[in-house]
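Asks: any chance you could fold what I've pasted below:
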Amino acid sequence: MTKYIFVTGGVTSSLGKGIISASLAKLLQARGYRVTIQKFDPYINIDPGTLNPYEHGECFVTEDGAETDLDLGHYERFLNVPTSQANNITTGRIYQNVINKERQGEFLGKTVQVVPHITDEIKRNMRILGESGDYDIVITEIGGTVGDIESLPFVEAVRQFKWEAGNNNALVIHLTLVPYLAAAGELKTKPTQHSVKALLEYGIQPDILVCRTEHPISQDIRRKIALFCNVNINAVIESIDAPSIYDVHLLMYKEQLDKTVLSKLKLPTKAEPSMESWKDFLGRLKNPTSEVKIGLVGKYVELPDAYKSITEAFIHAGAKNECKVRVEYIPSESVFADNVKEKLGHLDGVLVAPGFGSRGIEGKIDAIKYVRENNIPFFGICLGMQCCVIEFGRNVLGLTGANTTEIDENTLHPVINMMEDQKNVTEKGGTMRLGAYPCDIKKGTKAFAAYGKQHISERHRHRYEFNNAYLAQYEAAGMIASGINPESNLVEIVELKNHPFFIGGQFHPELKSTVANPHPLFIKFVAAAMEQVKKKATK
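Replies: Purely as a prediction, here's the structure:
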């Protein structure tokens, strides 16, 4: 029988429920259990696909094309196992499902209410992954903070679920805060007590408390928390600030969180988890032998979470190359032809980020012109790839006013055009080209050198594509299509022949980079930036 773990949060948001969930899952996986994690978000959007990145950070796309919360990226990066539509559920999707059933007459004329109809639908979604037979343990992260009006139906569903599942089949981990008051010179447990009291008011007794803290928690404080919150002292887990998110699961192992969980679920501890490959990764990450500065040119750079998967992919690729990657965030609106050297001249590589809309496009194009002409390693992702096509068209092929029809519908040279199957789409949510698609790579190209194979699959999130009417012209001038979708003939990868590293991908390679499998394009890009450093040193 599948066992269920629910992770709730109290006191404040941003305590790291996603990282704790991923860390616990990694420990259980290392002990031989089949584990997955799902996230329930309390907002009413059907998914985060239509949300501005400033609202909710990056939108993470799964293999099956679901637009999901960025925490699913953490789950995949830790576990090295793909997630799916079933791993991220919002209030909007729950209500939409219930209302659709009501419209179809499934409730036989009964009054549709939060309890039982909404909570039943939440519980049904909580069970989907567990009933697939693929997992021994399902960890469910409940978004928001206990006490929020939006998350009440989810908390109530957890209470019901735990009651129905019975002892030893489901448990609740509550993540809370033990703040340090500098004026008093001590840690304070009262916020944790109040948070647990709020959870008790909703009928849930947490089984384990994970206490976020800046300072070590003494045994006396653990006893006090255990006494006031009705938990065993060994179920009060210290989660102290860590140098990186990748240190957290080792700290949780030291605190024996996984053993406590298995004990409460009456599961055997099996073999001790093997941490060698993870420790090797951390060793490389913390002891780099070189350093590069890479500029990330984008629209949403004020909120680094908008590019979370990209920055994490740089961490993975940097560790692989034993290189510290310093990412410099550059707002694309601040880049102009007359200041581009000042903005980018000191960098060892430039990544032009994905995005939507016209804001900052010309800055991206000016940035690409500079790195192309000055042989600085370049990597373009999605819109970044489209911008390098536009720049090459304007400045090399002489296609005056070349553009994407996303920005200029009446451009004389629509080198980037809307995909045919997108032209009749009117709804915005979940209607783009989404999820994994195959790509065939031409031998002898930089892309082939990176992947080391001809047939790959990458995840997409876009409506516009390279206009194949211009392909012969581009290839004759030196920008080749090194990756092509075998079914639609869509250009997936472009690169320049006579450049140390100049690659644009229509897909999002950052979404597939994990600790165990850093993405090959990021590895090669970082390596090219390292070569750039060596060239500068010999000048």
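Asks: quick one: end-to-end distance for stretch 60-67.
Replies: 6 Å (CA to CA, to the nearest Å).
Asks: neighbouring contacts of it?
Replies: 47-49, 59, 68-73, 82-85, 87-88, 309, 429-430, 434-436, 459-461, 508, 511 (CB atoms under 8 Å, 6 or more residues apart in numbering). Backbone N, C-alpha and C define where each C-beta goes, glycine included.
Asks: of the residues you listed, which belong to helices?
Replies: 71-73, 309 (DSSP state H).
Asks: regarding Phe78, which helix or strand does it belong to?
Replies: Per DSSP states H and E: Phe78 is located in helix 71-79.
Asks: follow-up on the earlier one: using ChimeraX, make a named selection holding only the buried ones among the contacts of stretch 60-67.
Replies: Selection of buried members from the contacts of stretch 60-67 for ChimeraX, criterion 16 or more other CB atoms under 10 Å:
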select :47,48,49,59,68,69,70,71,72,73,82,83,84,85,87,88,309,434,435,436,459,460,461,508,511
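Asks: let's see which of the contacts of stretch 60-67 end up in strands.
Replies: 68, 88, 434-436, 459-461 (DSSP state E).
Asks: residue at max distance from the center of this structure?
Replies: Gly109 (42.0 Å; CA atoms, centre = their mean).
Asks: how close does that one get to Glu102?
Replies: Using CB to CB, to the nearest Å, Gly109 is found at 10 Å from Glu102.
Asks: try Phe40
Replies: For Phe40, the distance to Glu102 - CB to CB - is 21 Å.
Asks: and what of Glu409?
Replies: Relative to Glu102, and taking CB to CB, Glu409 is found at 41 Å.
Asks: all strands for the stretch 151-300 of the chain, in order.
Replies: Using DSSP state E, counting those that start in this stretch, the strands assigned to the stretch 151-300 of the chain run over residues 170-177, 180-181, 186-187, 208-213, 236-240, 290-298.
Asks: next one: the stretch 401-539 of the chain
Replies: 403-404, 414-418, 433-441, 455-462, 464-466, 479-484, 491-496, 502-505.
Asks: so what are the sheet partners of the first one and their directions?
Replies: If I follow you right, that is strand 403-404. strand 414-418 (parallel) (DSSP bridges).
Asks: now do the strand it pairs with: distance to the chain's middle.
Replies: Relative to its parent chain, strand 414-418 has a centroid offset of 28 Å by CA atoms, centre = their mean, to the nearest Å.
Asks: centroid residue for the protein?
Replies: Gly73 (2.9 Å).
Asks: test my guess that it contacts Thr514.
Replies: No. Between Gly73 and Thr514 there is no contact under CB atoms under 8 Å: 9.5 Å.
Asks: show me what contacts Ala170?
Replies: Ala170 neighbours (CB under 8 Å, 6+ apart): 3-6, 161-162.
Asks: any chance of JSON lines for those residues, columns neighbour count?
Replies: As requested, the contacts of Ala170 are exported to JSON lines (neighbours: other CB atoms under 10 Å):
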{"residue": "Lys3", "neighbour count": "24"}
{"residue": "Tyr4", "neighbour count": "23"}
{"residue": "Ile5", "neighbour count": "24"}
{"residue": "Phe6", "neighbour count": "27"}
{"residue": "Phe161", "neighbour count": "20"}
{"residue": "Lys162", "neighbour count": "20"}
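Asks: residue contacts, the residue nearest to Tyr202 when sequence neighbours are not counted?
Replies: What sits nearest to Tyr202 in space, not counting adjacent residues and going by CB to CB, 6 or more residues apart in numbering, is Val155, at 5.0 Å. Residues in contact with Val155 (CB under 8 Å, 6+ apart) are 8, 142, 146, 199, 202, 204.
Asks: nearest to Gly398, of those?
Replies: When those are compared for distance to Gly398 (CB to CB), Ile142 comes out closest, at 56.7 Å.
Asks: burial count for the closest one?
Replies: 23 (other CB atoms under 10 Å).
Asks: residue numbering should commence at 31 henceforth.
Replies: I'll keep to 31 as the first residue from here, and by that count the last item is Ile172.
Asks: that one reaches Glu186, doesn't it?
Replies: No. Distance between Ile172 and Glu186: 11.0 Å, which falls outside the contact criterion (CB under 8 Å).
Asks: how far away is Gly87 from Asp335?
Replies: Distance from Gly87 to Asp335, counting by CB to CB: 3 Å.
Asks: what's the overlap in contacts for those two?
Replies: Leu100.
Asks: any idea which helix is longest in the protein?
Replies: Max-length helix for the chain by DSSP H is helix 550-568.
Asks: so what secondary structure elements neighbour that one?
Replies: Applying 3 or more CB pairs under 8 Å, 6 or more residues apart in numbering; DSSP states H and E, we find helix 550-568 packed against strand 320-328, helix 338-350, strand 353-361, strand 379-382, strand 408-411, helix 476-481, strand 532-535.
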